[in-house]
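Asker: how would this look folded up:
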Amino acid sequence: MEWANQLCENRQFGSKMTDSKYFTTTKKGEIFELKAELNSDKKEKKKEAVKKVIASMTVGKDVSALFPDVVNCMQTDNLELKKLVYLYLMNYAKSQPDMAIMAVNTFVKDCEDPNPLIRALAVRTMGCIRVDKITEYLCEPLRKCLKDEDPYVRKTAAVCVAKLHDINAQLVEDQGFLDTLKDLISDSNPMVVANAVAALSEIAESHPNSNLLDLNPQSINKLLTALNECTEWGQIFILDCLANYTPRDDRESQSICERVTPRLSHANSAVVLSAVKVLMKFMEMLPKDLDYYGTLLKKLAPPLVTLLSAEPELQYVALRNINLIVQKRPEILKHEMKVFFVKYNDPIYVKLEKLDIMIRLASQANIAQVLAELKEYATEVDVDFVRKAVRAIGRCAIKVEQSAERCVSTLLDLIQTKVNYVVQEAIVVIKDIFRKYPNKYESVIATLCENLDSLDEPEARAAMIWIVGEYAERIDNADELLESFLEGFHDESTQVQLQLLTAIVKLFLKKPTETQELVQQVLSLATQDSDNPDLRDRGYIYWRLLSTDPVAAKEVVLAEKPLISEETDLIEPTLLEELICHIGTLASVYHKPPSAFVEGSRGVMHKRLPARTGSGEGTESPDMGNTAGGSAPEAATSIIPSQGDLLGDLLNLDMAPQTTTGPTPPTSGMQMGGMDLLGGVLDSLLGGDIGGSPAMGVGFGAAPAVMPASLSAPVGGGLGDLFDLGGGVGMPMGAYIPPKTVWLQAMKAKGLEISGTFARRAGVIQMELVLTNKAMSIMTDFAIQFNRNSFGLAPAGPLQVLTPLGPNQTIEVSLPLSTVGPVMKMDPLNNLQVAVKNNIDVFYFSCQYPISMLFVEDGKMERQVFLATWKDIPSDNESQFQIQDCHLNSEAASNKLQGSNIFTIAKRTVEGQDMLYMSIKLSNGIWVLAELKVQAGNPNYTISLKCRAPEVSQCVFQCYEAVLKN
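Answerer: Numbering: from 1, shown residues only. The predicted model follows:
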């Protein structure tokens, strides 16, 4: 009983404490007593009881038992009490959906209350109750609130449409709320406009193909008018919406920029960054010789500088965005270098970001003050910052040639400080300076060699070894220096071991008589005593080179090295363009596109800057995600492996290449898929052996000796005869061709972008490709190869790119395909893995072809054969699907499907429902039988598919859906 007494004492003690009266209780039947208070006649007592219920709910107690009693309290004029009850409802409606319906009448009634606050509160709460049963009751009150006379109610209702769309998108579209939302963009109240834009933008994000925000000059004008009067968050919504618009010409672009520019002086940094995003995008369309262009550049600098006077966290976000802006347009901040000088009390993350921007802005005009500043930073106490500062001095030397001598002198001064980590960083950057300016600053090598013993970091040791090996002929005791490293060879990191191996081989080639023993020692250590495959392979290569052809070894090992580039850490241009379109968002802080970190990034659109007027590139819409890098490629992310994964899969394939002796048999031209991508073909491909040479055999370049039967088959099963169709089906329409989508993005293929689609024309399957060169160099020597796939698709000839593809050029190529290549079941079934080669590299991507491309022209089955086959196929092999929202009658549907080689065998009508019986034959001989039910006035069709290979049914259904809906 002792614990019970203790509990009683605790309770008595607790009652004396000064906790909030709502959050403490000493009552035994708490729920029962709350129930009594909730049903009290006194309004004040009711309110107190509801507050206690909310308090209990807040601390995690289950008070769902009081649901009916709390709902009864909704019938009140007291706004505070109503808010509390609505709060309770939002929390418990999901767990008590049947009880929540009790509150619907009150919601409907409140939506017609004379008080606009109560009307808005009711519609907001209904939008937050995520219960399907309630949503249908929400439609009528929401429709009224969207047209309410009070703007506060309208703006609340606009957001409610977005919430309702998230719960039930179909309902919102059927009820016409999206059209009402579009009308609200023309509303007289700026806050209503802002909320309508916000709601439409959110809906458009989850449905990138919907084109909800159909912006035109008139709607843009309305948005710009509302921009001046709405709240700061409303301004952000409108500015972000403007950023998705592509002006028709430079005059419209200038007009928008002039009206957005005043937002740059806003106190809210988010508004400023959104305005900068719009201006950065629209500047692309302004001619550089325009006076306004120069004015705009000057106007952009002050707001960006002002952002750096905020607290450190905001500074960091601003700096990450400025980093992108400086890479795109360094001229904006070229006179603002001093703003980026580091302050003693800046956090490390701000310091490092400022340092990066300083180097990007460094030029001949300001290099003196930048170097003085960097030298000061190199004496700081923060080790990470000092390292970065020393590296920054090296980057300045590489970027500004005129400053190189001064930078080297500064680095030597820092080496004299004898601070260990400073010395090591200095040696690493001096190695890069030697790479950039060979035979210019070698006089400092003696000073570097003095510090050899103090080096303990792998990168610094590797850099020093490289210097000794590269300039061995100028260092008298080079062999002794390298031998000192060799003593602890097995304790060194791989980076140092590889560098040491190369350096000693270089030394041997320069001084062969003196270092023969040393080179044998290192080759023995690398090949016989090492477990590292990279080191072993390099050792064997050097050994064989030296033993078979020392002249060739000299040409290889001592070849002239290319100069290192000025900026090795610049963001790739296509990625930079996309990030500029995301200024002010997380993407601009991470320096990654949203698709890289947004989970389930199906809806993420890839944005691009518009092309400058008159540049000949054509104006690209920012919403080009629909076709050129938006949802279509992203939707396939679950099945398209990354380049690494794809290579891994290909390596697991059968590696034995086909070998042919004597003349090639006539059909071999069609066996392109016979070799796997990384078999014998890829060896030739990487060597650049293109054009159907004997070495290639049946690889990339070999043209087919003869077209296969399937490619030259006559077009059969045209109109069919009217009797067979059982219902007078007229002329078939053309075959459905899917829209082109981006298969390979430029940022993943060194500037080569590939988009395309598949088509079937006159019995021949075509892969229609669009190749765009977004790199700075010319691309030539194109070739293509497919991996083994489910239906044996393979190129029927070489990829005909007859002229070199210059920078910013696009070319369209049509590649005929055969279906006699090697077969391997893929997941999904219609997945195709492709390798494309050009003079730069080999690139891999995956795409999905519509299975309708494989529907052959002789796929019309005789009626009796159809009936017998349908009965013969087991019922387990039957699959049933729904095709929704299709508004064709049975005759139109039959015509449309026949254009894609889906043939109607018979038609009958049962109780007003048309039943179409259809047959399809795939290129590999598989037959698919279908029954399509079409009910007049019902937009939903039912389709049953029977096939001896039931795994194709899902793909066939997708083709039905695509053909009927497009």
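
Asker: Burial check on residue 205, number of neighbours?
Answerer: For residue 205, the neighbour count with other CB atoms under 10 Å is 14. In this view, the C-beta of every residue, glycine as well, is placed from N, C-alpha and C.

Asker: The closest residue to residue 924 other than its chain neighbours sits in which helix or strand?
Answerer: Taking CB to CB, 6 or more residues apart in numbering, and ignoring the residues beside it in sequence, residue 924 has residue 791 as its nearest neighbour in space, at 5.8 Å. Element membership of residue 791 [criterion: DSSP states H and E] is none; it lies in no helix or strand.

Asker: how near is residue 791 to residue 90?
Answerer: According to CB to CB, to the nearest Å, residue 791 stands 52 Å off from residue 90.

Asker: got it, and residue 925?
Answerer: Taken as CB to CB, the span from residue 925 to residue 90 is 59 Å.

Asker: who's more crowded, the two?
Answerer: residue 90 (17 against 7).

Asker: Hmm, residue 130 and that one touching each other?
Answerer: No. In this structure, residue 90 is not within contact of residue 130 by CB atoms under 8 Å, at 9.0 Å.

Asker: List phi and psi for the residue nearest to residue 924.
Answerer: For residue 791, the backbone dihedrals (degrees, to the nearest 10) come out as phi -120, psi 20.

Asker: Tell me how many other residues crowd it.
Answerer: 24.

Asker: got the contact list for stretch 486-498?
Answerer: 458-459, 461-462, 465, 485, 500, 504, 518, 521-522, 525-526, 529-530, 532, 534-535, 538 (CB atoms under 8 Å, 6 or more residues apart in numbering).

Asker: now stretch 121-136
Answerer: Against stretch 121-136 from outside (CB under 8 Å, 6+ apart): 79, 82-83, 86, 89-90, 93-94, 97-98, 100-101, 104, 107, 110-111, 113, 138, 141-142, 145, 153, 156-157, 159-160, 163-164, 167-168, 171.

Asker: ok, 7 Å please
Answerer: 82-83, 86, 89-90, 93-94, 97, 100-101, 104, 107, 110-111, 138, 141-142, 145, 156-157, 160, 163-164, 167-168, 171 (CB atoms under 7 Å, 6 or more residues apart in numbering).

Asker: Now list the buried members of those residues.
Answerer: 82-83, 86, 89-90, 93, 100, 104, 107, 110-111, 138, 141-142, 145, 156-157, 160, 163-164, 167-168, 171 (16 or more other CB atoms under 10 Å).

Asker: Just the ones of these in helices?
Answerer: Among the buried ones among the contacts of stretch 121-136, DSSP state H puts 82-83, 86, 89-90, 100, 104, 107, 110, 138, 141-142, 145, 156-157, 160, 163-164, 167, 171 in helices.

Asker: Flag the helix or strand of the protein with the lowest per-element mean pLDDT.
Answerer: Every helix and strand of the chain was ranked by mean pLDDT, DSSP states H and E. The lowest is helix 680-686, at a mean of 30.

Asker: show me where the stretch 801-950 of the chain has strands.
Answerer: Secondary structure of the stretch 801-950 of the chain (DSSP state E, counting those that start in this stretch): strands at 810-818, 831-837, 842-848, 878-883, 903-910, 913-921, 927-935, 941-947.

Asker: among those strands, which is nearest residue 382?
Answerer: strand 842-848 (42.5 Å; CB to CB).

Asker: what lines up beside that closest one in the sheet?
Answerer: Here strand 842-848 has these sheet partners by DSSP bridges: strand 831-837 (antiparallel).

Asker: quick one: average confidence on the partner strand?
Answerer: For strand 831-837, mean pLDDT rounds to 91.

Asker: what's near enough to touch the closest residue in space to residue 108 that isn't next to it in sequence?
Answerer: Excluding the flanking residues, the one nearest residue 108 by CB to CB, 6+ apart is residue 141, at 5.4 Å. Going by CB under 7 Å, 6+ apart, residue 141 touches 107-108, 111, 123, 126.

Asker: Over to residue 830?
Answerer: Per CB under 7 Å, 6+ apart, neighbours of residue 830: 790, 848-849, 851, 955.

Asker: Could you rerun that using 10 Å?
Answerer: 639, 758, 789-791, 793, 847-854, 952, 954-955, 958-959 (CB atoms under 10 Å, 6 or more residues apart in numbering).

Asker: Residue 407 too?
Answerer: So residue 407 contacts 367, 371, 374-375, 392-400, 429-430, 433, 441 (CB under 10 Å, 6+ apart).

Asker: Give me the buried subset of those.
Answerer: Buried among the contacts of residue 407 by 16+ other CB under 10 Å: 367, 371, 374-375, 392-400, 429-430, 433, 441.

Asker: mind listing the helices for the stretch 451-600 of the chain?
Answerer: Assigned helices in the stretch 451-600 of the chain, in chain order: 458-470, 478-486, 494-510, 516-527, 533-548, 550-557, 573-580, 586-590 (criterion: DSSP state H, counting those that start in this stretch).

Asker: what's the closest of the ones you listed to residue 363?
Answerer: helix 573-580 (19.9 Å).

Asker: Only the C-alpha atoms, please, for the closest one, written as CSV.
Answerer: Extracted in CSV, the C-alpha atoms of helix 573-580 (Å, rounded to 0.1, in the frame of the first residue of the first chain):
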residue,chain,number,x,y,z
PRO,A,573,25.7,25.4,-68.2
THR,A,574,22.4,23.5,-68.6
LEU,A,575,22.3,22.8,-64.8
LEU,A,576,23.1,26.5,-64.1
GLU,A,577,20.3,27.6,-66.4
GLU,A,578,17.9,25.4,-64.5
LEU,A,579,19.1,26.6,-61.1
ILE,A,580,18.7,30.3,-62.1
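
Asker: centre of the chain versus that helix, how much separation?
Answerer: 12 Å (CA atoms, centre = their mean, to the nearest Å).

Asker: Alright, that wraps it up for me.
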